[in-house]
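A.B. asks: have a look; sequence and predicted model below, questions after that.
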Amino acid sequence: MVLAASACLLLALAAYSICAGAVPISLGELWQALSTGDTASKAGRIIHFVRLPRTLAALLAGCALAVSGATLQTVLSNALASPNIIGVNAGSGLFTIALAAFFPAYVQYTPLAAFLGALFALLIVYGIACKTGASRMTIVLSGVAVSSFLGAFTDAILTFIPDTQMNRMAFLVGSFAGASMEQVKFAGGCILLGVAAAMVLSYDMNVLALGEETASSLGMRTGLYRMAFLAIAALLAGSAVSFSGLIGFVGLIVPHAARVLVGQDNRYLIPLCALLGGAFTLGCDIAARTLFAPFEIPVGIVMSFLGGPFFIYLLLSRKGRRALD
Amino acid sequence: MINLESVTAGYGGNPVLRGLTLRFEKGGITGILGPNGCGKSTLLKVVSGLLKPTSGQVCLGGKPLLSYSPKELAKEVAVLPQSREIPAIPVEALVSHGRFPYLGFPRKLAPTDHSAVESAMERAGVLEHRHKLLSALSGGERQKVYLAMVLAQDTPIVLMDEPTTYLDINHQFELLRLVRELADSGKTVLVVMHDLAQALETCDRILLLDHGEAIAYGPAGEVADSRAIDRVFGVVSQRVEDLKGRGHYLFSEQA
């Protein structure tokens, strides 16, 4: 029921995202353009070259970051784990900017660089956590330290090589304004793969969530599974960062909001995070480009404005607090 | 059935168990007693394969533990650990995780798995809570749900680490009754306990550990009569009989 309602919300927001804008497009024109692939008419060109890539980018990025956040929170047994808090976004950002600065001829490999950066950051955090006993606080603190350290490298590159082929502001705050269909196609494939893997392994994620000792005694190779889940989380976050920039927050708040609705059973939580993450990010992107039209504000700013108070509301509500405990 | 041959095991190079050689026979309840840090939980971890000995070996039915794959071992040994996560998932979903060692991909429960889960919930007395979230239950009910998961795992050997800790007296009695039923159905139960009197009254055999070594091992009454428990804990024990002629143990400080 919740899944069906979320899917309907996502579809409605996607349709609105394509139709709303400086040039309004009717649902009839949208259907016509999508069913015929028409790029000759004005509406068709707007849909295929501007709004569809942007809508897909927002939808896929939200979906990826929310599923990545839910996976990390479960695997690391830490309610504060999310791609931006434990250094995954910073790792992706560094590798993406380093590629643009030092190897501008290979920018087509941006998703790969973002994935490797995310994995690199995760492995450092995971390594520190393992070495120190993997307490929940250690993971968060090491994530903050790794984020800060990798972020300093990113800032240094942008300072010393100011003509890096990248919209610095849009990348650091997060934006879908420049998303192209090519970027979305490649990264979207990785995201769909990551979400499918997380869904297929959601039962195993439940077993891992019972704790190291219980999961091992049930016959699970916990180390292997934990690494696999971290790789999935890195693939998702890295793919999203490669075309959306350093969007924060969605990976933290959407999984918690979803837990309030369906509890911690990952068989339902993961698909719901995919739907709600996409819907939340799409909603924020629509607000970012329509609230102050014709001016547009970066989606990351809208997300923090909307997400911050919502998260505080979750903390204050009894049901929300139970889900966060 | 379970053989430990000169097993030394510990953490970070510090041995907790020191050259332990033991044989646990099939069936019955063996209570593992000893002061804090003597190696009780470490012994359970070694027998369950969660901790590899630094020297010596553990064998199940004559076969070295290290030769078992994780899933093969999980079909032989189930563990009710001391500390557990309390996820907000339905009771039935948690109990069904006990079938994990038997599931192939894509983790779909077969009719036999469903009936094992159903029977485990019934035996543990949690059938009425099957649709409730684990996190919404009391400590005693949660413990029974985890025990149901162990029952669903359906292994010949069951290890329990302080299963009655934090439970009120009625839940303790209920849990110990379930442990007895497990043993009576032919399973070998090793249980770490802190309540000496409860252990002596519940268990068939007692293993007394101190500083990683076995001080006494045998039938509960014999171990109590040997005064080994008194010496290890620095206490004085006394056996008294109630009106129904059942023996109970009282412990007091040494003068």
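C.D. replies: Sure thing, it's come through. Numbers count the residues shown, from 1 in each chain, chains lettered A, B, ... in the order given.

A.B. asks: CA only for contacts and neighbour counts going forward, please
C.D. replies: Noted.

A.B. asks: check contacts around A:Thr290.
C.D. replies: Contact analysis of A:Thr290 by CA atoms under 8 Å, 6 or more residues apart in numbering or on different chains lists A:Ala20, A:Gly21, A:Glu296.

A.B. asks: so what pLDDT did the residue in chain A positioned nearest to chain B get?
C.D. replies: The minimum distance from chain A to chain B, using CA to the nearest CA, falls at A:Gly219 (4.2 Å). Here the pLDDT value assigned to A:Gly219 is 94.

A.B. asks: ditto for A:Leu324
C.D. replies: pLDDT, the model's per-residue confidence, is 57 for A:Leu324.

A.B. asks: burial check on residue 229, number of neighbours?
C.D. replies: I'll assume chain A. A:Phe229: 24 surrounding residues under other CA atoms under 10 Å in any protein chain shown.

A.B. asks: switch to chain B, please.
C.D. replies: 23.

A.B. asks: strands - which of the contacts of A:Thr290 land there?
C.D. replies: The strands, defined by DSSP state E, take in nothing from the contacts of A:Thr290.

A.B. asks: tell me the pLDDT at A:Leu172?
C.D. replies: We have a pLDDT of 68 for A:Leu172.

A.B. asks: wait, A:Leu141
C.D. replies: For A:Leu141, pLDDT reads 82.

A.B. asks: now do the buried residues in the one helix or strand it maps to.
C.D. replies: In the assignment (DSSP states H and E), A:Leu141 maps to helix A:136-160. Buried residues in helix A:136-160, counted by 16 or more other CA atoms under 10 Å in any protein chain shown: A:138-140, A:142-147, A:150-151, A:153-154, A:157-158.

A.B. asks: near chain B, from those residues?
C.D. replies: Near chain B, judged by CA under 8 Å from any CA of the partner chain, there are no entries from the buried residues of helix A:136-160.

A.B. asks: residue numbers of chain B in contact with chain A?
C.D. replies: Counting by CA under 8 Å from any CA, the residues of chain B close to chain A are B:48, B:50, B:69-74, B:77-81, B:84-89, B:97-98, B:100-101, B:106-107, B:153.

A.B. asks: from what I see, A:Met220 and B:Glu72 are in contact.
C.D. replies: No. Counting by CA atoms under 8 Å, A:Met220 does not reach B:Glu72; the two are 10.6 Å apart.

A.B. asks: nearest to B:His129 among the contacts of A:Thr290?
C.D. replies: Lowest distance from B:His129 to these (CA to CA) belongs to A:Ala20, with 48.7 Å.

A.B. asks: any idea how far A:Arg51 is from that closest one?
C.D. replies: 9 Å (CA to CA, to the nearest Å).

A.B. asks: pick out the most distant pair among the buried residues of helix A:136-160.
C.D. replies: Among those, A:Thr138 and A:Leu158 lie farthest apart (CA to CA), at 29.9 Å.

A.B. asks: in space, what's closest to the residue positioned nearest the centre of chain A - neighbours in sequence excluded?
C.D. replies: Central residue of chain A (CA atoms, centre = their mean): A:Leu65, 2.0 Å from the mean position. Leaving aside its sequence neighbours, A:Leu65 sits nearest to A:Gly251 (CA to CA, 6 or more residues apart in numbering or on different chains; 4.8 Å).

A.B. asks: gap between the one you found and A:Ala90?
C.D. replies: According to CA to CA, A:Gly251 stands 14 Å off from A:Ala90.

A.B. asks: shared neighbours of the two, anything?
C.D. replies: Residues touching both A:Gly251 and A:Ala90 (CA under 8 Å, 6+ apart): A:Asn84.

A.B. asks: picking up where we left off before, from the contacts of A:Thr290, which is closest to A:Pro111?
C.D. replies: Once CA to CA is applied, the member of the contacts of A:Thr290 that ends up nearest A:Pro111 is A:Glu296, at 25.6 Å.

A.B. asks: cool, thanks, talk later.
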